[in-house]
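Enquirer: I'd like to go over a predicted model; first the sequence, then the structure.
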Amino acid sequence: MVVTLASPAFADAPDAAAEAHVHYEKGQVFYDEGRYDEAITEYEAAYRLKPHPNVLYNIGQAYERTLDYVSSVRWFERFLAEAPPEDAPRRKLVENRLKILRGLPARVSVTTIPEHVRATLVPIGPDADPSTAVSASTPHLFRVPAGKYRIQLDHPNWEAENHDISTELGQPYFYQYRLKPSTSPLTVFTRPRGARVFIDDKLVGETPFADNVEVGRHRLLLEHPDYPWYRRDVEVRVGEPQTLEIRLTKPVRSGRTELVLASMLYGGAAGPLLVAALSKNSDFLQTNTGLAVLLVSSAAGIGAGFLGAFLTTRDGIKVGHSSLIIGGGAWGTTLGASLALGLKLDTQAVYGLSLLGGAIGLTTAGLVVRWKDVMPGTAAILNSGALWGTAAGVLMAQSILKNPSADQWGWFVFGGTSVGIVAGGIIAWKLDRSRTHVFLVDIGGLVGTGLGFALGAAVGASSNGDIVQDGARYALGGMTLGILAAAALSRNFKGDLPPVEALLRRRTDGRWAVGIPRLDLAPVVTPEGVSTRLTATLMKGKF
């Protein structure tokens with residue numbers, strides 16, 4: 001409620017009093033119109049010309065209407081100082097008003113990014129009492145007595161901040177602060193050096209790397225031109241410096257491609273075998289419709305083999321695992337078919353037992369690689385043993401029996417494959433050899449078998465004997481000698497040949513390697529425009 005006092009009496013100095021009266025009346029008009037700043041100007045002019053307590057009161061009132069409570073208190077205090085004691089009613093009114101104004105709290109709004117930061121207003125100054133500090137979680141509106149304060153902001157994962165402020169009676173204040181995340185030292189070493197360091201997909205430097213990193217979980221990516229990308233999550237904590245020592249490794253050669261190709265080949269054969277095994281009318285398969293069914297089943301088997309191998313090896317598969325799985329399917333099928341032939345089962349049963357043997361072989365190999373990390377050399381020895389066992393069974397059947405029957409072929413192959421698998425397993429258990437080492441031994445066995453057969457055929461031809469049977473006998477001996485000779489000659493072979501990206505490569509250590517040429521596609525600018533260039537690397541190294 002606005003209290004308007006009566007106009008003061010301006011009796012002395014008629015000219016000054018008259019002018020003061022004019023200013024005072026203007027002030028009253030401005031006050032009634034809510035133009036408080038202009039009213040204050042007129043009241044002060046009137047007071048300078050003719051001081052009077054009533055003018056002081058009106059100035060205090062006008063300042064209160066402008067929410068300038070400090071100035072209002074000051075002018076009300078001047079009124080009390082100058083108003084005569086006999087003006088008790090008005091003095092009492094002003095004293096009550098001063099009590100209310102002096103108790104008006106300052107309103108301090110504190111918001112932060114992020115929210116839920118602990119904000120504390122601590123009084124500061126010579127007469128301040130820190131025990132009266134108030135705290136709350138942002139955003140918050142504090143109501144505190146006028147004075148000087150220090151806003152303390154604290155959050156576990158953000159840097160603490162202090163801000164000094166001054167507040168006045170009843171005034172609103174709005175403060176917003178964006179806190180900086182807390183940091184902690186992170187050091188990254190790599191072998192080899194020179195890997196580019198990305199934190200949360202942002203390039204921050206190269207190894208060796210050392211810097212303060214924001215507290216929290218981050219994605220670390222290391223990129224080196226000669227190594228695959230290295231990724232890991234890093235948890236940075238306040239006051240806990242971290243040092244990471246990372247050895248970059250080149251990827252283990254994946255056997256996914258050979259597994260997919262072998263699965264497609266196996267599926268292409270298994271589809272028609274399944275149709276033939278389930279067909280009750282063997283004559284149906286001789287018709288055009290039967291032939292079409294076989295072709296469709298083969299195509300379906302190829303597709304199923306591709307999808308099965310491709311989808312189950314999205315993250316790659318070790319060469320040892322893929323080699324063992326391929327061998328398991330091949331030798332399981334061989335054992336199933338040879339056993340069916342040995343038992344003189346009908347054609348449908350031979351097809352069915354072949355599929356069953358392949359399925360058992362694949363399942364067994366799959367379980368083995370899940371239970372044990374099979375190295376490439378181990379799988380190669382097992383497959384090599386099965387291969388030469390099968391070959392030995394075939395050659396022995398031909399060597400002993402001039403014209404073996406189907407069941408005789410079956411038992412010799414079944415026995416040879418079984419002995420080869422067992423022998424290969426024992427050798428793999430006792431010896432640790434690389435895949436290339438086994439390949440060299442296989443080459444020796446192949447050369448010995450070929451030379452032996454050629455020699456035996458020549459002997460048989462010259463003595464009017466059976467060329468095939470004599471060739472098989474000599475081939476059996478040549479195979480044995482070739483395998484033993486290759487094993488002896490390569491006994492000091494260490495590791496695999498170096499990887500190559502060219503048809504022929506010579507390393508700085510003088511070693512040669514033959515591989516698949518590297519193919520690169522790159523855009524080039526020609527006079528006719530932009531085109532694509534295909535480059536094949538045929539030779540690489542120092543010559």
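Expert: Sure, I can see it.
Enquirer: ok, residues contacting stretch 108-116?
Expert: Outside stretch 108-116, the residues within contact range by Cβ atoms under 8 Å, 6 or more residues apart in numbering are 119, 121, 137-144, 149, 151, 153, 155, 158, 165, 167, 172-179. Glycine gets a C-beta too; all of them are placed from N, C-alpha and C.
Enquirer: Now do the same for it: mean pLDDT, whole number.
Expert: Across stretch 108-116, the average pLDDT comes to 94.
Enquirer: Which of the helices and strands in the chain ranks last by mean pLDDT?
Expert: Across the helices and strands of the chain, mean pLDDT, DSSP states H and E gives its lowest value to strand 512-514, namely a mean of 54.
Enquirer: All the strands of the stretch 1-150 of the chain, in order from the start?
Expert: Counting by DSSP state E, counting those that start in this stretch, the stretch 1-150 of the chain has strands at residues 106-113, 118-123, 134-137, 140-144, 147-155.
Enquirer: What strands flank the third one, and is each parallel or antiparallel?
Expert: What that stands for is strand 134-137. Strand 134-137 sits in its sheet next to strand 118-123 (antiparallel), going by DSSP bridges.
Enquirer: quick one: the helices in this protein?
Expert: For the chain, the helices defined by DSSP state H cover 14-32, 36-49, 53-65, 69-82, 88-102, 256-278, 288-311, 319-342, 347-371, 376-400, 406-430, 435-462, 467-489.
Enquirer: With just CA atoms, put the shortest one into PDB.
Expert: Written as PDB, here are the backbone C-alpha positions of helix 53-65 (Å, rounded to 0.1, in the frame of the first residue of the first chain):
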ATOM      1  CA  PRO A  53      11.500  14.700   6.500                       C
ATOM      2  CA  ASN A  54       8.300  14.100   4.500                       C
ATOM      3  CA  VAL A  55      10.400  14.200   1.300                       C
ATOM      4  CA  LEU A  56      12.800  11.700   2.700                       C
ATOM      5  CA  TYR A  57      10.000   9.300   3.400                       C
ATOM      6  CA  ASN A  58       8.600   9.700  -0.100                       C
ATOM      7  CA  ILE A  59      12.000   9.100  -1.600                       C
ATOM      8  CA  GLY A  60      12.300   5.900   0.400                       C
ATOM      9  CA  GLN A  61       8.800   4.800  -0.700                       C
ATOM     10  CA  ALA A  62       9.800   5.400  -4.400                       C
ATOM     11  CA  TYR A  63      13.000   3.400  -4.100                       C
ATOM     12  CA  GLU A  64      11.100   0.500  -2.600                       C
ATOM     13  CA  ARG A  65       8.700   0.600  -5.600                       C
END
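Enquirer: Which residues does it contact?
Expert: Contacts of helix 53-65 (Cβ under 8 Å, 6+ apart): 2-8, 24, 27-28, 31, 34, 36, 39-40, 43-44, 46-47, 69, 71-76, 78-79, 82-84, 87, 90, 94, 97, 101.
Enquirer: let's see it at 6 Å
Expert: 5, 8, 36, 39-40, 43, 46-47, 71-72, 75-76, 78-79, 82-83 (Cβ atoms under 6 Å, 6 or more residues apart in numbering).
Enquirer: Run the chain-centre distance for it.
Expert: Its chain's C-alpha centre and that of helix 53-65 lie 70 Å apart, by Cα atoms, centre = their mean, to the nearest Å.
Enquirer: Can you pull out the low-pLDDT segments for the stretch 151-300 of the chain?
Expert: 251-253, 280-286, 290 (pLDDT under 70).
Enquirer: Please enumerate the strands of it.
Expert: Counting by DSSP E, counting those that start in this stretch, the stretch 151-300 of the chain has strands at residues 158-167, 172-178, 183-191, 196-199, 202-206, 209-214, 216-224, 227-236, 242-247.
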